[in-house]
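A.B. asks: What shape does this take:
(chains A and B)
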Number of protein chains: 2
Amino acid sequence: MFSGAQISLYPMTDDFVGVIMSALSALDPYRARLRIETDDVSTLLVGPPEILFPAMRDLFAAGARSGVHCTLSAAISRGCPGEPDDAICRSEHFSGPMPPMIERQQAAHAAVAKAPLTDVFSVAQFSLYVMGQGNHMDEIYGCIDFLKNSGTFEKSKHFCTKLNGDAGALFAVLEQAFCRFGPPEGHVTIDLTVSANSPSAR
Amino acid sequence: MFSGAQISLYPMTDDFVGVIMSALSALDPYRARLRIETDDVSTLLVGPPEILFPAMRDLFAAGARSGVHCTLSAAISRGCPGEPDDAICRSEHFSGPMPPMIERQQAAHAAVAKAPLTDVFSVAQFSLYVMGQGNHMDEIYGCIDFLKNSGTFEKSKHFCTKLNGDAGALFAVLEQAFCRFGPPEGHVTIDLTVSANSPSAR
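C.D. replies: Down below sits the predicted model:
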């Protein structure tokens, strides 16, 4: 199954090029497991979720540690019927049949409990889209249940859910939301914004 | 049908607060037709597509005219089964049955031909998601056909399509993509990034 993301890092500073170039070294440990292509709007990361989410986390955390207000925007996708399969995307996440919702939620919580600490506080807002089936809202409501008990839930907003916490926990929650809701072989996407150091009150 | 967007404007400058505050006055002509709520991550706009897309266009163009590298990120949604209906969202776009694909493409081209000029060159990248049905890719491929003949098509990328041109044409194309593909009463979303003044080569 093909999986990956189009991501952009936005440091709100005159030196945005410097912050981005410096943060990019955070991707180095993942480069052998990802296909990476950059243009003027976004950087494509192709690879399995267990590499993709830690790579996005470390890139974002590196940008946020500059101290400037910084956001990461990402369009994350798996199983799009229009995309070719790719060996680099092989993942532990999508083998076997889909367990019952309660088991998937428990497994998601267990995975989040093992998330590393980054000491970067951040706020995330995202929408989960499940395509190709009539009962897509059941999967979304099941995911929202998981989010509400994840320790990172801030509030429901129109069109999306807002989380906050350590970037380690946030990206672990996002990886679980992406992988465990919607069928294992289904077409699932996330529209994600992560923000740090905003001067606005939450 | 409920429709709207969560939007964020990212000016890559030390004075990002000044650029955002100044650009916000571009929303004034639309305020009576939109519900608007802001927090530290995004601004919610609730209203019909024929107000929503021009409002996003004028906000983005105002930011871009500052001359700094500026992006607008938006999660746009209509017909989400989890959202309440709202009279402010009443739209011309979603009445009647769904015409055949070719007629919808022709109507979309006719609408784009009437787009105003903003004299702001920009680049847009977006994904269209159609939920709640098994043949969602047919609608997406029909939309991509329309995009390729819209005069704004730059290239297909993994997970998204990239456009460029005057912001007037771009937001007209986006409004047509959002309204004419997927069933009139269906759950359809767009994950959008629009960018101006990037120092990176295209």
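A.B. asks: top helix in chain A by residue count?
C.D. replies: Longest among the helix segments of chain A by residue count, using DSSP state H, is helix A:49-64.
A.B. asks: Any stretches of chain A with poor pLDDT?
C.D. replies: Scanning chain A for pLDDT under 70 picks out no residues.
A.B. asks: now with 90?
C.D. replies: A:81-86, A:92-97, A:132-137, A:184-185, A:201-202 (pLDDT under 90).
A.B. asks: So is whichever strand or helix holds A:Leu170 next to chain B?
C.D. replies: Element membership of A:Leu170, judged by DSSP states H and E, is helix A:167-180. No. Judged by C-beta under 8 Å from any C-beta of the partner chain, helix A:167-180 makes no contact with chain B; its nearest approach is 12.6 Å. (C-beta placed from N, C-alpha, C; glycine too.)
A.B. asks: name the helices or strands packed onto that helix?
C.D. replies: Using 3 or more C-beta pairs under 8 Å, 6 or more residues apart in numbering or on different chains; DSSP states H and E as the contact definition, the elements that helix A:167-180 packs against are helix A:49-64, strand A:70-78, helix A:101-113, strand A:121-131, helix A:136-148, strand A:160-166, strand A:187-196.
A.B. asks: so which of those is the most packed in?
C.D. replies: strand A:70-78 (a mean of 27; mean count of other C-beta atoms under 10 Å in any protein chain shown).
A.B. asks: Report all helices and strands that the longest helix of chain A contacts.
C.D. replies: Helix A:49-64 is packed against strand A:3-11, helix A:16-23, strand A:43-46, strand A:70-78, helix A:167-180, strand A:187-196, with contacts defined by 3+ C-beta pairs under 8 Å, 6+ apart.
A.B. asks: ok now it, how far from the chain's centre?
C.D. replies: Shown here is helix A:49-64, whose average C-alpha point lies 8 Å from the average C-alpha point of the whole chain (C-alpha atoms, centre = their mean, to the nearest Å).
A.B. asks: mind listing what the residue nearest to the spatial centre of chain A touches?
C.D. replies: By C-alpha atoms, centre = their mean, the mean C-alpha position of chain A lies nearest to A:Leu174, the distance being 4.6 Å. The neighbours of A:Leu174, taking C-beta atoms under 8 Å, 6 or more residues apart in numbering or on different chains as the test, are A:53, A:124, A:126, A:190, A:192.
A.B. asks: Of the residues you listed, just say which sits nearest to A:Gly47.
C.D. replies: For the contacts of A:Leu174, the residue nearest A:Gly47 by C-beta to C-beta is A:Phe53; the value is 10.0 Å.
A.B. asks: Relative to A:Leu170, how far out is that closest one?
C.D. replies: Relative to A:Leu170, A:Phe53 is positioned 10 Å away (C-beta to C-beta, to the nearest Å).
A.B. asks: Same check on A:Gly4?
C.D. replies: Spatial separation of A:Gly4 from A:Leu170 under the definition C-beta to C-beta is 19 Å.
A.B. asks: again, but for A:Gly82
C.D. replies: 29 Å.
A.B. asks: Over to A:Asp14. Which of the three states is it?
C.D. replies: A:Asp14 carries the three-state label coil when classified by DSSP: H, G, I helix; E, B strand; the rest coil.
A.B. asks: hang on, the earlier thing: redo the helices and strands packed on helix A:167-180 as CSV? Include distance to B:Val46.
C.D. replies: Formatted as CSV, these follow (distance: least, C-beta to C-beta, whole Å):
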stretch, distance to B:Val46
helix A:49-64, 29
strand A:70-78, 21
helix A:101-113, 30
strand A:121-131, 15
helix A:136-148, 20
strand A:160-166, 13
strand A:187-196, 17
